[in-house]
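1. Please find the sequence and the predicted model below.
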Amino acid sequence: MIVTSKLLKEKSVFEVSKDLSKNIPIYVIKNFIKKDICKKLVKLCSNKNLHKYNRLKVGKKFDFFSIDVLPSNVETNRIYRRFQINKKTINKYTDVKKLFFWQNKIAKKNSKTSIKMDIVHYPKGGGFFDWHIHDRYPTNYGMIVNLSAKGKDYKKGSNHFKIENKEINLKKYKIGIGDLILFRYDINHSISEIDPEKNLTFDSGGRWTLITYATNRVLKKQKDNTVKWVKS
């Protein structure tokens, strides 16, 4: 029998790294970030009325902001808002700083690699991210923390993972607010539509997540004032 997922007790990142070397696709750690911190992170972003698309250096708390509603120039269909938080914001919250530290240790980095943290909002009314995969490295294992509560902030929609076209069932873990999912970064994954029967509304409702990853690319401003990922 192939073990596809595992529930871990709270451990140090060094202990978890040993477990990750066994190459199990998905790990779940309950209550990694406190619920009150999750709510503060959602409030931090939902209070921001950022109308311009794809902006760098947004205010004093974010490095980047985008709002994607079925964009035409991407490989994967999606509807979401993305807030990339800066070092000052990361260091403000102990739990968030710990998550950043974990990603930094688990990633397979080189001299050009940087660790990024995004708060992603999938709004009610059909927010989603279609099936996609990444190169495994430099991230190695991606991390997703749920910042909102299913059944309260939204009713339908969740993370999905597939290996060899077979979906991994995570329902048994009852993943809730503050729980951390670590997943091998080359696994096919998606976020199904959030409350698709509602009108699309970008407010504090819907599903919010905090994600971390490693990248060898940087965002640079283009001549038309948009921004684009390019190799560092």
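-> Perfect, thanks for sending it. The structure presented is a predicted model; accordingly, all values stated were derived computationally and were not measured.
2. Name the surrounding residues that touch stretch 74-87.
-> Contact with stretch 74-87 is made by 44-45, 48, 58, 60-71, 96, 116-123, 126-132, 200, 202, as judged by C-beta atoms under 8 Å, 6 or more residues apart in numbering. Heads up, the C-betas are built off the backbone N, CA and C, glycines and all.
3. Output the below-cut-off pLDDT ranges for the protein.
-> 1-11, 47-54, 56-57, 218-232 (pLDDT under 70).
4. let's see 80
-> In the predicted model, the chain carries pLDDT under 80 at residues 1-13, 47-59, 217-232.
5. quick one: I115 is in a strand?
-> Yes - assessed with DSSP: H, G, I helix; E, B strand; the rest coil, I115 lies in a strand.
6. burial of it, as a residue count?
-> Neighbours of I115 under the rule other C-beta atoms under 10 Å: 21.
7. Next: the one 3 residues further on.
-> Here the count is done by other C-beta under 10 Å, and D118 has 20 residues near it.
8. Quickly find the element holding it.
-> Using DSSP states H and E, D118 sits within strand 114-122.
9. and what of S72?
-> S72 is part of no helix or strand when elements are defined by DSSP H and E.
10. Could you check how far it is from W131?
-> 18 Å (C-beta to C-beta, to the nearest Å).
11. Those two - which one has more neighbours?
-> Between S72 and W131, counting by other C-beta under 10 Å, W131 is the more crowded of the two (14 against 5).
12. In a strand, that one, correct?
-> Yes - per three-state DSSP, W131 lies within a strand segment.
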